[in-house]
Each structure stands twice: as C-alpha cells, then as structure tokens.
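Trainee: dropping a prediction and its sequence here:
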Amino acid sequence: MALSNVFETPAAGFNFDNTSRNAALEGLFDGGQTPKPMKTGTTIAGVVFKDGVVLGADTRATSSEVVADKMCAKIHYIAPNIYCCGAGTAADTEKTTDLLSSNLTIFSLNSGRNPRVVMAVNILQDMLYRYRGQIGANLILGGVDCTGNHLYTVGPYGSVNKVPYLSMGSGDLAALGILEDGFKADMELEEAKELVRLAIHAGIMSDLGSGNNIDICVITRQGVDYIRPYQVSEYKDNRKTKYKYRPGTTPVLTEKVVRLKLEVVQESMQRMDTA
Amino acid sequence: MEKRCTDSQVKGVSTGTTILAATFDGGVVIGSDSRASIGGEYVSSKTINKVIQVHDRIFSCMAGSLADAQAVTKAAKFHLSFHSVQMETPPLVIAAASVLKELCYKNKDELQAGFITAGWDRKKGPQVYVVSLGGMLISQPVTIGGSGSTYIYGYVDAKYKPNMSKEECLQFATNALALAMGRDNVSGGVAHLVVVTETGVEHVVVPGDKLPKFHNE
C-alpha cells in the first residue's frame, strides 16, 4: 500500500495541525501578508485520444516580471506509464510530484505491480487535502494503465476531477477555448498532438506568464514519447557578444596563504563485520 | 487561479449545487446537477459527479467545498466498507449517514461540506437522511440541498406525494432539478439521477438540452 506519507503513518482521521502553524506564521509578517512565492505562470494541457494520453506544457518560469527559466520542464515523471504537468508554485509542483513518484516506485517494488493512474490521484488528493490548500499545486495527471487511458486534474485544496481534456495555469482560459472547439472523442495521435500544440500556443500568445517553447509528452501502451521541445519559439534572441569571461579577466593583485593549525583530537576504529 | 477566488466563502472549487433525494414506493431517487465553480464566477467543471456510491445500495450527494466533500466521502466509504465486513452484512442507510455525520460534526470548524444520504436497506426499506454543514442528522421522506434548492422549495412542497410510482418520482426529481438549474447560476450541466431499489441500482443521466423546459423565452 503506498501512503502519501512514507516515513510515518499519520494518526487516523483528518489532521489539521499545520493550519494553526500557518496562521501563527502569517501573524509574524507586517500587515499579515506572507511573501509571495515564485509561480510558474503556465499553460498546461492534456487530451485523451484513441491510444493514450497527450500532455503539453510551455517552458517559461517567471519570477514576478522576469523570466527566470526559459527552458523549464513542467511535465514531470511519476511512473513509467504516468506523467504529470504542474502549474502554480514551482517548488510545490516539483516536490509534490517527486514525493508521489518515490511513493509509487516503492509501491511497485513491494507489490510487483505497475501503479494505476487512479492510485497516483488518490495519493495526491490525500496529500494536498492534508495541507488545506497551502501547497499551491494545480496538477494534470495523465497515464495509461491496464484499465485504460486516464486524465485527471487535482486542485490545490484536494479536489479531483476526471476529464477527457483539460488545461490549467494562468493561460488556461485561452487553451481551453481551443480544446473545447477542437476536441473529439477517439482522435488519432497526430490530431491529438496538433490540438495540444495549438492549445499551448494559444496560451503562450495570450498570457504573459507563458511562453518560449512547447513540450509534448505522448503516453501509450507501447511507451512514452517525451518530445522536448516539440515546438521551438519563433522569437529567439540572437546575442551579439559572448558573455563568458576568459580566465585572467580579473587581475590578481596580492596573494596571502595562511596555514590552518589542525590537531588530531580523537581517533577511533570500528571493525566492520561482514562475515 | 487566485484571481477567480474573489469573495466566496468556500475556498477553492465549490460544488455550488442542487441536490435532492425522494422516497417512492419501493425505493429512492437521488439526484444532482453537475456544475463545479470557483468564486461563483468560473465554471471549473461542467460534468462533475456529485452522487457517489458509498455502498451497494447507499448513495451520497455532496454540497459545499468539493475538496472537503470528496475527502469526507472517501473516509466514509472506507469506514462503511470496514463496518460491513465486521458485521458480515450490508450496512444500514442510517449507518452511512451517521458516519458522514460524525466526520462533519467532529471537524465542523475546518470542514465546509453537507450531504444527502439515501438508499435502501433490509430493515427499514427506502430512506433519505440529511447531514447539514454543522453535523445535524435528520431523516425526511424528501429533501433538497445546495444553493439551488432555495428556488424549488415551493415546487417540492407542492408536488411531492408519498408512495409515488418510480416513473412519477423520476419525473418529479427531473423537473425539480431542471427548475433549480434554470434559476441558480452555480447549478447546471447535466442532471445525474440514481434510482435505488431492493433489486438494484439504475443510473439516469439527462443532458442539459433534454431537460424539461419551463417558460424558457
């Protein structure tokens, strides 16, 4: 059984301990406003097609008005047959998906079975619900298992929805328009990839927080095709000069070497018993 | 996402809903709409399922915060399943309602979720129970809940008769849901209806455009 908390089993029932801690923390800041975390300001989308699931994401990570990362990977590995796109606070989506992936690997090793998408969703839901929305992770989980092709969304408060197509992030409304218009049940692979590409492209064009390249991840029974980047941004900058400093650019004026006086205080030897 | 969470009291996705349950001669009809909204402004899902099967012949409709309601329902399903294994018999509808009530009452400060539990059991036949936000549990022959219910109290009071036939009760429930969805902005989508009798469970889904129309000029 894979628990959302590997190291210690939580006490039975709901555990709201962290809410009082959070309330106390908020009181420490002036005006009661906690500092704002870095957000991915994203467009992510997913579509179920005939043979599997296609996930797509842009690659821009912003820190207020500056683009912090132009080639950020927003499609995270969960299991060989399950991938997850994350929108919201970058650190939260990274760590949550990492934890989930570790849990599922341990489960796979213990039980000898491939994890099911619904199991990943349940673990995520439990984890996010326990933190009462303080973990800012809006996730799209897609995967193929023995029961079929599945696409789920998990919100930061722990709400879950199973859908055939979906978009999340700051550019979700633009992408959703494309998906609502173009989605058909049981599409072919190329159709599905094109639809997701158009959806992410709409998000990139209409939203300031999304941009740069488009990553696509296709999951089918046969395997996973993680195409990074699927489409490179046509707005590439051409740097006129090189910004690397060659050795010797900064002249050394003086050099002083001070030997550290170290003495051996204690030496102990422990025999390793390998017999 | 935060820009859409304006002044709603429910944090995150809200079911903002219309749910109902009614007993008829030999069973119960449980129904709900399928809209989930954020901040009363954005429809985050048009097809959310609010009628959850907690046991073979017992269903529960959720209202309030979607995250809270889903978490409570999950816990309730587990407790009921365990209870039924221990007792070696299917649980009573009141047991299901009590499980939900315990969770809602004990955690009333942190939770924002209400439920309508309905089903059939061998001891008392078809029953409907309401678990309110604070954890009150009462039994009624017909009950409505959610934000859309305010618009159909008159209709339900006037039109409900005890011991209707299954078809009459289904029509009554469909009409009630259609009227509520027509007036409440946070209820909509399709109408999910479930008919539970001693012999089995029947799901009826009525798409939005096939719902009965009432003076929709």
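Mentor: Everything's here; your move.

Trainee: so for stretch B:210-217, what gets flagged as buried?
Mentor: residue B:211 (16 or more other Cβ atoms under 10 Å in any protein chain shown). Heads up, the C-betas are built off the backbone N, CA and C, glycines and all.

Trainee: so for stretch B:154-162, mean pLDDT?
Mentor: Averaging pLDDT along stretch B:154-162 gives 95.

Trainee: hang on, I meant stretch A:233-246
Mentor: Computed over stretch A:233-246, the average pLDDT equals 79.

Trainee: not including adjacent chain positions, what is the nearest residue to residue A:162?
Mentor: residue A:152 (5.3 Å; Cβ to Cβ, 6 or more residues apart in numbering or on different chains).

Trainee: and residue A:88, by the same measure?
Mentor: Per Cβ to Cβ, 6+ apart, closest to residue A:88 is residue A:136, 4.2 Å.

Trainee: could you report the neighbour count for that neighbour?
Mentor: Residue A:136 has 22 neighbours, counted by other Cβ atoms under 10 Å in any protein chain shown.

Trainee: likewise residue A:52?
Mentor: Counted with other Cβ under 10 Å, residue A:52 comes out at 24.

Trainee: tell me the pLDDT of the residue nearest to residue A:88.
Mentor: 86.

Trainee: ok, residue A:110 next?
Mentor: At residue A:110, pLDDT is 88.

Trainee: buried sites along stretch B:112-127?
Mentor: For stretch B:112-127, burial by neighbour count (16+ other Cβ under 10 Å) applies to B:112-121, B:125-127.

Trainee: need the contact list for the residue nearest to residue A:52 when sequence neighbours are not counted.
Mentor: Spatial nearest neighbour of residue A:52, chain neighbours left out: residue A:220 (3.6 Å); criterion: Cβ to Cβ, 6+ apart. When contacts are counted by Cβ atoms under 8 Å, 6 or more residues apart in numbering or on different chains, residue A:220 touches A:51-52, A:144, A:189.

Trainee: out of those residues, which is nearest to residue A:126?
Mentor: Nearest to residue A:126 out of those is residue A:144 (Cβ to Cβ; 22.9 Å).

Trainee: give me every residue that touches the closest one.
Mentor: For residue A:144, the contacting residues are A:52-53, A:81, A:117, A:150, A:219-221, by Cβ under 8 Å, 6+ apart.

Trainee: wasn't the residue nearest to residue A:162 part of a strand?
Mentor: Yes: using DSSP: H, G, I helix; E, B strand; the rest coil, the assignment for residue A:152 is a strand.

Trainee: and the stretch 1-150 of chain A, which residues reach chain B?
Mentor: Contacts of the stretch 1-150 of chain A with chain B, taken as Cβ under 8 Å from any Cβ of the partner chain, map to A:13-14, A:16, A:19, A:88, A:122, A:125-126, A:128-129, A:132-133, A:138.

Trainee: in strands only, show me those residues.
Mentor: Members of those lying in strands (criterion: DSSP state E): A:88, A:138.

Trainee: for PyMOL, what selects the buried ones among the residues of the stretch 1-150 of chain A next to chain B?
Mentor: Buried residues within the residues of the stretch 1-150 of chain A next to chain B, by 16+ other Cβ under 10 Å, are selected in PyMOL with:
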select buried, chain A and resi 14+88+122+125+126+128+129+132+133+138
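
Trainee: hmm, back to that, any idea how far the residue nearest to residue A:162 lies from residue A:98?
Mentor: 18 Å (Cβ to Cβ, to the nearest Å).

Trainee: those two: which has the busier surroundings?
Mentor: residue A:152 (23 against 13).

Trainee: can you tell me which residues contact the more buried one?
Mentor: A:117-118, A:121, A:140-142, A:160-163.

Trainee: most widely separated two among these?
Mentor: A:118 and A:140 (14.7 Å).

Trainee: who has more neighbours, these two?
Mentor: Taking other Cβ under 10 Å, residue A:118 and residue A:140 do not tie; residue A:140 has more neighbours (27 against 16).

Trainee: please identify the helix or strand for that one.
Mentor: Residue A:140 belongs to strand A:137-145 when assigned by DSSP states H and E.

Trainee: okay, strands next: where are they in the chain?
Mentor: No chain in the question, so chain A it is. Going by DSSP E, chain A shows strands at A:44-49, A:52-58, A:61-63, A:66-69, A:75-79, A:82-88, A:137-145, A:148-154, A:160-162, A:165-168, A:214-220, A:224-231.

Trainee: I was after chain B.
Mentor: B:13-14, B:19-24, B:27-32, B:36-38, B:42-45, B:51-55, B:58-64, B:113-121, B:125-131, B:137-139, B:142-145, B:191-197, B:201-206.

Trainee: I'd like those strands as JSON lines, with mean pLDDT and distance to chain A appended.
Mentor: Shown next, in JSON lines, are these (pLDDT from 0 to 100; distance: least, Cβ to the nearest Cβ, whole Å):
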{"stretch": "strand B:13-14", "mean pLDDT": "74", "distance to chain A": "4"}
{"stretch": "strand B:19-24", "mean pLDDT": "96", "distance to chain A": "17"}
{"stretch": "strand B:27-32", "mean pLDDT": "96", "distance to chain A": "15"}
{"stretch": "strand B:36-38", "mean pLDDT": "87", "distance to chain A": "7"}
{"stretch": "strand B:42-45", "mean pLDDT": "87", "distance to chain A": "5"}
{"stretch": "strand B:51-55", "mean pLDDT": "94", "distance to chain A": "12"}
{"stretch": "strand B:58-64", "mean pLDDT": "94", "distance to chain A": "11"}
{"stretch": "strand B:113-121", "mean pLDDT": "95", "distance to chain A": "11"}
{"stretch": "strand B:125-131", "mean pLDDT": "96", "distance to chain A": "16"}
{"stretch": "strand B:137-139", "mean pLDDT": "95", "distance to chain A": "19"}
{"stretch": "strand B:142-145", "mean pLDDT": "95", "distance to chain A": "19"}
{"stretch": "strand B:191-197", "mean pLDDT": "96", "distance to chain A": "14"}
{"stretch": "strand B:201-206", "mean pLDDT": "95", "distance to chain A": "15"}
